[in-house]
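Colleague: fold the stuff below for me.
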Amino acid sequence: MNKQHKKEQKIYQQTIQVFPQLKYPNLETCSDYEQALKYKFHLSYMLGEVLIQTFQNLHKGSMFKLAKNIKKANREFKIFKEIFNDFAKLSPNIVKVISKNKQLFLKEFSRIQNILKIHQDYQPILDNIFYNFNYFIQNFDLIEEWLLSNDFNEKYKKENHPYPSLFDPKKLNDEKEKINYKNISAELAWEMNLPLPDNYEFVFLLVHGAGTTAMTRYLRLCDINVNRHWGDPLFQYIDSYRMLVNSKAYNAIILAGCLNKYSFNFGIKFYNLIQKKIPAICVMRDPISVLRPIVNHYGNLKHPKDKICNYIDIDNYPIEKIFNIQVPYAYPDENGKPTLNTVKEYADDKYGNFYILNIKIKELQNVIKKIYYLDMIDIMPENSFKTLTRLSQILHFNPPESSVLFSSKLNSSDNHVDYLFFPKTFYMEYEGNRIEFEVTKYKLSSDEYLDYTKYFIDSPFLLQDIGVNIYLSKNNVKYLHCNQDINIKVINYFKKFIFNLEEFYKEERKKIINECEILNFMRINPDILMKYKNKLDKELVHIKQHRPDIVASWKYYQEFEKMCQELDGNI
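Modeller: This is a model prediction of the structure:
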């Protein structure tokens with residue numbers, strides 16, 4: 001029989017090499033796998049195991065223990081039968097879980113049974129236990145103490161909290177404890193519903209399209225550690241967890257992104273795992289203006305890095321080649337331009353539901369002490385330094401130091417061209433020396449560079465609106481001015497570059513869709529108008545109650561409301 005089995009196995013291996021589609025699936029993937037596992041707990045199966053082990057160990061005198069082992073199998077069968085009868089409905093995967101931890105389960109059976117019976121009417125903790133049963137068994141003493149404590153009862157069970165922690169959060173925050181946040185991975189922490197480590201001072205309720213990039217940068221300029229402001233809720237939890245575990249500095253949590261049918265429950269879970277009582281900040285913007293950067297959004301994943309040259313030889317790199325490039329929009333039409341159809345797609349949640357501020361506030365209502373609303377105008381370049389200084393006094397973080405770092409626009413739809421042309425280094429060779437010009441939107445050190453901006457640029461548009469700077473290293477100045485031919489060549493090259501740069505910016509700005517066009521699109525598409533009406537009525541409840549002055553200042557939203565009223569009157 002053994003030889004026949006080996007022969008069949010050899011034929012099978014040869015067959016699946018030629019026809020891999022004939023390979024048997026893993027048992028765990030079979031639809032009836034869990035049903036089949038139940039047979040491992042039938043009395044006949046368990047007695048069969050005893051008999052097999054007995055005959056395999058006859059030389060060790062196993063027959064003398066047969067009667068004892070049969071009684072043991074009978075006793076264990078009754079235990080499993082009782083557990084399955086009591087808890088199979090509460091945890092459908094209980095058979096699978098126990099089959100992997102059979103002996104450990106039997107060892108602590110009475111204590112485990114006690115916990116399961118005490119919490120049999122609290123399904124979320126039963127789900128947590130059985131989903132993480134290995135960890136539950138391995139750290140049973142600690143978990144038992146927590147699940148039987150008054151703290152657990154008051155904080156989770158009494159409130160019927162949907163995501164109860166498998167460990168005591170207070171102990172997790174103490175590095176002296178055997179099990180603490182430092183020795184639990186972020187992924188496992190998520191599975192066990194562990195709240196985020198509590199060393200964060202506030203949350204940033206991010207609204208997509210309302211100064212996200214700018215505000216995030218400003219917070220970092222004030223020495224505040226924040227998680228990344230993108231990704232699904234699971235990514236945000238893991239990123240936040242790792243940041244908090246490894247940082248002793250001033251931390252804050254950004255609640256970003258959108259929710260869709262796949263990530264909605266993860267989003268609710270993430271918000272519920274923020275359990276420290278803290279204040280919140282929220283940058284708000286006219287909802288119609290919010291759509292402007294969305295419709296005109298830069299396609300980061302389409303960034304044409306292979307077409308961008310940032311180190312340019314003035315003698316050999318033609319100007320035309322620099323500008324043979326196109327701004328990649330995230331949601332373009334067939335000609336590569338922004339399209340108003342994006343307004344419809346966001347109304348239909350094609351890319352997910354971005355109108356989730358109301359959901360965040362609802363889920364965090366017992367956690368957030370107060371929401372400090374900022375209007376978009378508060379974080380514009382002319383106001384941002386003052387705003388962050390004021391916030392630092394309220395939230396007790398380091399105040400901003402340099403107003404210069406707060407004085408430029410960030411991620412503006414008007415300036416997508418920035419990604420294509422800044423920074424660049426232009427150079428030319430002269431008598432074995434390289435003369436380099438730095439073209440950038442940032443200020444460079446006056447100790448190393450001379451500002452040659454006005455030497456080459458006289459356009460108010462580029463100087464003031466775009467903020468172009470051209471610098472020459474102090475070491476190169478003598479080479480530029482000692483040779484008239486080089487001087488003229490450089491001036492002519494930059495003159496042509498600057499002319500083309502200004503034209504490129506102006507042509508690109510003509511493509512940008514503005515708020516008036518968005519409102520007109522809604523006006524001629526009343527079904528889309530009403531979809532936004534329904535969204536915004538929910539989204540703006542809290543700010544209308546607490547900061548009606550901000551809402552009243554929104555010019556385009558007031559026009560939107562007027563359009564909705566007119567539509568209601570015509571129905």
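Colleague: by mean pLDDT, point me to the weakest helix or strand of this structure.
Modeller: helix 33-37 (a mean of 63; mean pLDDT, DSSP states H and E).
Colleague: S110: neighbouring residues, count only.
Modeller: When neighbours are counted by other Cβ atoms under 10 Å, S110 registers 8. Quick note: C-beta positions are derived from backbone N, CA and C, even for glycine.
Colleague: err, N246, not the other one
Modeller: Neighbour tally, N246, other Cβ under 10 Å: 12.
Colleague: if we can go back for a sec, tell me the helix or strand right after the least confident helix or strand of the chain.
Modeller: Next helix or strand after helix 33-37 toward the C-terminus (DSSP states H and E): helix 43-56.
Colleague: that next one packs against which elements?
Modeller: helix 66-87 (3 or more Cβ pairs under 8 Å, 6 or more residues apart in numbering; DSSP states H and E).
Colleague: show me how far the helix it packs on is from its chain's centre.
Modeller: Its chain's C-alpha centre and that of helix 66-87 lie 48 Å apart, by Cα atoms, centre = their mean, to the nearest Å.
Colleague: just checking, what packs against that helix?
Modeller: Using 3+ Cβ pairs under 8 Å, 6+ apart: helix 66-87 touches helix 43-56, helix 94-100, helix 109-118.
Colleague: 7 Å instead, please
Modeller: Judged by 3 or more Cβ pairs under 7 Å, 6 or more residues apart in numbering; DSSP states H and E, the packing partners of helix 66-87 are helix 43-56, helix 94-100.
Colleague: quick one: that helix to helix 109-118, angle?
Modeller: 10 degrees (axes from the mean of the first three to the mean of the last three Cα atoms, to 10 degrees).
Colleague: only alpha carbons, please: show helix 66-87 as CSV.
Modeller: Extracted C-alpha coordinates of helix 66-87, given in CSV (Å, rounded to 0.1, in the frame of the first residue of the first chain):
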residue,chain,number,x,y,z
LEU,A,66,-5.8,2.2,26.6
ALA,A,67,-8.7,2.3,29.1
LYS,A,68,-7.4,5.5,30.7
ASN,A,69,-7.0,7.2,27.3
ILE,A,70,-10.5,6.1,26.2
LYS,A,71,-12.0,7.7,29.4
LYS,A,72,-9.9,10.8,28.7
ALA,A,73,-11.2,11.0,25.1
ASN,A,74,-14.8,10.6,26.4
ARG,A,75,-14.3,13.4,28.9
GLU,A,76,-12.8,15.7,26.2
PHE,A,77,-15.6,14.9,23.8
LYS,A,78,-18.1,16.1,26.4
ILE,A,79,-16.2,19.3,26.9
PHE,A,80,-16.0,20.1,23.2
LYS,A,81,-19.7,19.2,22.7
GLU,A,82,-20.7,21.6,25.6
ILE,A,83,-18.6,24.4,24.2
PHE,A,84,-19.9,24.0,20.6
ASN,A,85,-23.5,23.8,21.8
ASP,A,86,-23.1,27.0,23.9
PHE,A,87,-21.0,29.1,21.6
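Colleague: and the angle from it to helix 43-56?
Modeller: Going by the same axes, to 10 degrees, helix 66-87 makes 150 degrees with helix 43-56.
Colleague: what is the neighbour count of the residue nearest to N324 when sequence neighbours are not counted?
Modeller: Spatial nearest neighbour of N324, excluding adjacent residues (Cβ to Cβ, 6 or more residues apart in numbering): K307 at 7.5 Å. By the criterion of other Cβ under 10 Å, K307 has 12 neighbours.
Colleague: K307 contacts F323, doesn't it?
Modeller: No - applying Cβ atoms under 7 Å as the test, K307 and F323 come out as separate, 10.6 Å apart.
Colleague: so the nearest residue to D451 once chain neighbours are set aside is in which element?
Modeller: Nearest non-adjacent residue to D451, counting by Cβ to Cβ, 6+ apart: Y471, 6.0 Å away. Secondary structure assignment for Y471, by DSSP H and E: strand 469-473.
Colleague: give the next helix or strand downstream of that strand.
Modeller: Next element after strand 469-473 (DSSP H and E): helix 477-481.
Colleague: now do the buried residues in the helix or strand just after that following helix.
Modeller: Following helix 477-481 in sequence order, the next helix or strand is helix 484-511 (DSSP H and E). For helix 484-511, the neighbour count (16 or more other Cβ atoms under 10 Å) marks I486, V490, Y493, F494, F497, I498, L501, E502, F504, Y505, E508, K511 as buried.
Colleague: same question, stretch 233-244
Modeller: Those would be P233, L234, F235, Q236, Y237, I238, D239, S240, Y241, M243, L244, for stretch 233-244 by 16+ other Cβ under 10 Å.
Colleague: from V203, how far off is the fourth one?
Modeller: Using Cβ to Cβ, to the nearest Å, we find Q236 at a distance of 11 Å from V203.
Colleague: now the first one
Modeller: Using Cβ to Cβ, P233 is found at 14 Å from V203.
Colleague: picking that back up, over to the residue nearest to N324: give its phi and psi.
Modeller: The phi and psi torsions at K307 (degrees, to the nearest 10) take the values phi -100, psi 0.
Colleague: do the one 5 residues further on as well
Modeller: With angles defined as degrees, to the nearest 10, I312 shows backbone torsions of phi -110, psi 130.
Colleague: likewise for D333?
Modeller: Dihedral angles phi and psi of D333 (degrees, to the nearest 10) take the values phi -90, psi -170.
Colleague: next one, pLDDT for it please.
Modeller: Listed pLDDT for D333 reads 94.
Colleague: the one 3 residues further on too?
Modeller: The predicted local confidence for G336 comes out at a pLDDT of 92.
Colleague: these two touch, right, it and Q326?
Modeller: Yes - between G336 and Q326 there is a contact at 5.8 Å, judged by Cβ under 7 Å.
Colleague: and F152, how far from K178?
Modeller: In terms of Cβ to Cβ, F152 sits 18 Å off from K178.
Colleague: neighbour count winner among the two?
Modeller: Using other Cβ under 10 Å, the more surrounded residue of F152 and K178 is F152, with 21 against 9.
Colleague: and that one, what helix or strand is that in?
Modeller: Assigned by DSSP H and E, F152 falls in helix 150-152.
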